[in-house]
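K.L.:
What follows is a predicted structure for the sequence shown.
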Amino acid sequence: MNNNITINNVELASELAHLEILRYFNPFEIYVDMDNGDTTYTDEMQETFNDLYDMYLEIIESTQVK
């Protein structure tokens, strides 16, 4: 019987990075509204997200069953 679970590494790392940003930063200071109506992270928060994403992805990939 195989009890392994398939996890989307990219999605999980993204979600964890985003949740950490929401936990430690003021939600009113992490987003910027673009001229086309889109809402994105500020440049500073995008860099923070990228760093967190890289960290989480490395952890997730290092713990996978081979």
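P.N.:
Received it, and whenever you're ready, just let me know what you need.
K.L.:
only C-alpha atoms for contact and neighbour calcs from this point on.
P.N.:
Will do.
K.L.:
where along the chain do the strands fall?
P.N.:
Taking DSSP state E as the criterion, the chain contains strands spanning 31-33, 39-41.
K.L.:
Can I get those strands in CSV including mean pLDDT, mean neighbour count and distance to residue 63?
P.N.:
Below are the strands of the chain laid out as CSV (pLDDT from 0 to 100; neighbours: other CA atoms under 10 Å; distance: least, CA to CA, whole Å):
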stretch, mean pLDDT, mean neighbour count, distance to residue 63
strand 31-33, 95, 14, 32
strand 39-41, 96, 13, 29
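K.L.:
Which one, of those, ends up nearest to residue 8?
P.N.:
For residue 8, the closest of those is strand 39-41, at 22.6 Å, according to CA to CA.
K.L.:
What strands flank the closest one, and is each parallel or antiparallel?
P.N.:
strand 31-33 (antiparallel) (DSSP bridges).
K.L.:
how close does the closest residue to residue 39 other than its chain neighbours sit to residue 23?
P.N.:
Distances taken as CA to CA, 6 or more residues apart in numbering place residue 33 nearest to residue 39, at 4.5 Å, with adjacent residues excluded. Distance of residue 33 to residue 23, computed by CA to CA, to the nearest Å: 21 Å.
K.L.:
repeat for residue 8
P.N.:
When distance is defined by CA to CA, residue 8 is 22 Å away from residue 23.
K.L.:
ditto for residue 60
P.N.:
Applying CA to CA to residue 60 and residue 23 gives a distance of 20 Å.
K.L.:
show me what contacts residue 29?
P.N.:
Contact partners of residue 29, counting by CA atoms under 8 Å, 6 or more residues apart in numbering, are residue 42.
K.L.:
10 Å - rerun?
P.N.:
Contacts for residue 29 (CA atoms under 10 Å, 6 or more residues apart in numbering) come out as 41, 42, 45.
K.L.:
That'll do, ta.
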